[in-house]
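**Student:** Predicted model and sequence below, questions to follow.
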Amino acid sequence: MKPKSTLILAVVLAGCAAIAPAEKIRYYPLSMGKAKFHVVVANLAQKDLSVETILSSKAKSPWYLLKKDTPSVAITGTFFNPADSRPVGDIIIDGQRKVRGSRGSVFGVDWEGNPRIVDTGFNRTWDYTDYRFALRATVRIIKDGVVCPNPRAQKFKDPRIWGRAARTAAGITEDGRLVLMATRSNVTLSELGKAMKSRGVVDAVNLDGGSSTCLYVKGKMVISPTRRLTNLIVLRDRAPMASQAAY
């Protein structure tokens, strides 16, 4: 029988094995209760990984959005109006504001490639000078390590946002890793937040979900949306300052 101290060490090491220090991107499934989540962890200390947003003027299949410059990973972006394909929050690409919309939290990427999550307040113009890529209209689900979804306080009115639904999320760990998560299971924002927190995430937002839920990993559509999309968060195998493809 192994000494107790050895067993404790083995458990700790197993918990740290979610992504090896030199591993850039890891994908794995996660089960919590009856829900199954798909998780991508990106080690952004590897400086040949770029986090970006892409946008189409019209809703397209995710395969169309990805075909021009196929990334390693893609996940659903922010909410949009199906009637005119217009996102309901700001979209920033290469430092340029492509869409305006002043609701919800911002998931952004600075000019050095570091992801950030900030709460902007309703109907307030946000200064994106420090951001190369960003999207707004996300719902905060974890702040400073606390699961705290409150879409009503962020002026979201659609009750489907705080009900049970298929969902996607983006979050940041204390050591700066990016965690992307998607699920076909019908879960609440709190359940999604708890799943993200179990991966070491300290700040996270809920992205668009429901029929827009999409996750692509290294050539495979892990979760296919049942409608066309207008915007995505993508991970590319290139330095953060590499030129952005036009869409």
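**Tutor:** Here it is on my side, so go on. Numbering: from 1, shown residues only.
**Student:** can you count the residues close to Thr125?
**Tutor:** Neighbourhood size, Thr125 [other CB atoms under 10 Å]: 10. C-beta coordinates here come from the backbone N, C-alpha and C atoms, glycine included.
**Student:** Need the per-residue pLDDT for the closest residue to it other than its chain neighbours.
**Tutor:** Excluding the flanking residues, the one nearest Thr125 by CB to CB, 6 or more residues apart in numbering is Ser102, at 6.4 Å. You'll see Ser102 listed with a pLDDT of 94.
**Student:** ditto for Arg238
**Tutor:** In this model, Arg238 is scored at 88, pLDDT.
**Student:** so the residue nearest to Thr125 touches Asn123, yeah?
**Tutor:** Yes - contact criterion CB atoms under 8 Å: Ser102 and Asn123 qualify, at 5.0 Å.
**Student:** which element is the residue most central in space within the chain on?
**Tutor:** Central residue of the chain (CA atoms, centre = their mean): Ala170, 2.6 Å from the mean position. According to DSSP states H and E, Ala170 maps onto strand 165-173.
**Student:** Likewise for Arg140?
**Tutor:** Using DSSP H and E, Arg140 falls within strand 131-143.
**Student:** Can you give the contact residues for the helix or strand that that strand is followed by?
**Tutor:** Per DSSP H and E, the first helix or strand lying C-terminal to strand 131-143 is strand 146-147. Residues from elsewhere that reach strand 146-147, judged by CB atoms under 8 Å, 6 or more residues apart in numbering: Ile141, Ser190, Gly193, Lys194, Lys197.
**Student:** Look at the second one and report its pLDDT.
**Tutor:** At Ser190 the predicted local confidence, pLDDT, stands at 98.
**Student:** same check, this time on the first one
**Tutor:** According to the prediction, Ile141 has pLDDT 98.
**Student:** Okay, it and Asp203: tell me how far apart.
**Tutor:** 9 Å (CB to CB, to the nearest Å).
**Student:** Tell me which of these two has more neighbours.
**Tutor:** Taking other CB under 10 Å, Ile141 and Asp203 do not tie; Ile141 has more neighbours (32 against 24).
**Student:** what kind of secondary structure is the spatially closest residue to Thr138 that is not a sequence neighbour in?
**Tutor:** Nearest non-adjacent residue to Thr138, counting by CB to CB, 6+ apart: Val205, 3.7 Å away. Put simply, Val205 is strand when judged by DSSP: H, G, I helix; E, B strand; the rest coil.
**Student:** and Ser102 and Asn123? which has more neighbours close in?
**Tutor:** Applying other CB under 10 Å to Ser102 and Asn123 shows that Ser102 carries more neighbours, namely 17 against 8.
**Student:** Please pull up the helix or strand immediately following the helix or strand of the chain with the lowest mean pLDDT.
**Tutor:** In the chain, the helix or strand scored least confidently by mean pLDDT, DSSP states H and E is helix 4-15, which has a mean of 40. With elements assigned by DSSP H and E, the helix or strand that comes after helix 4-15 is strand 25-32.
**Student:** what helices or strands is that following strand leaning on?
**Tutor:** The contact analysis (3 or more CB pairs under 8 Å, 6 or more residues apart in numbering; DSSP states H and E) places strand 25-32 against strand 35-42, helix 189-197.
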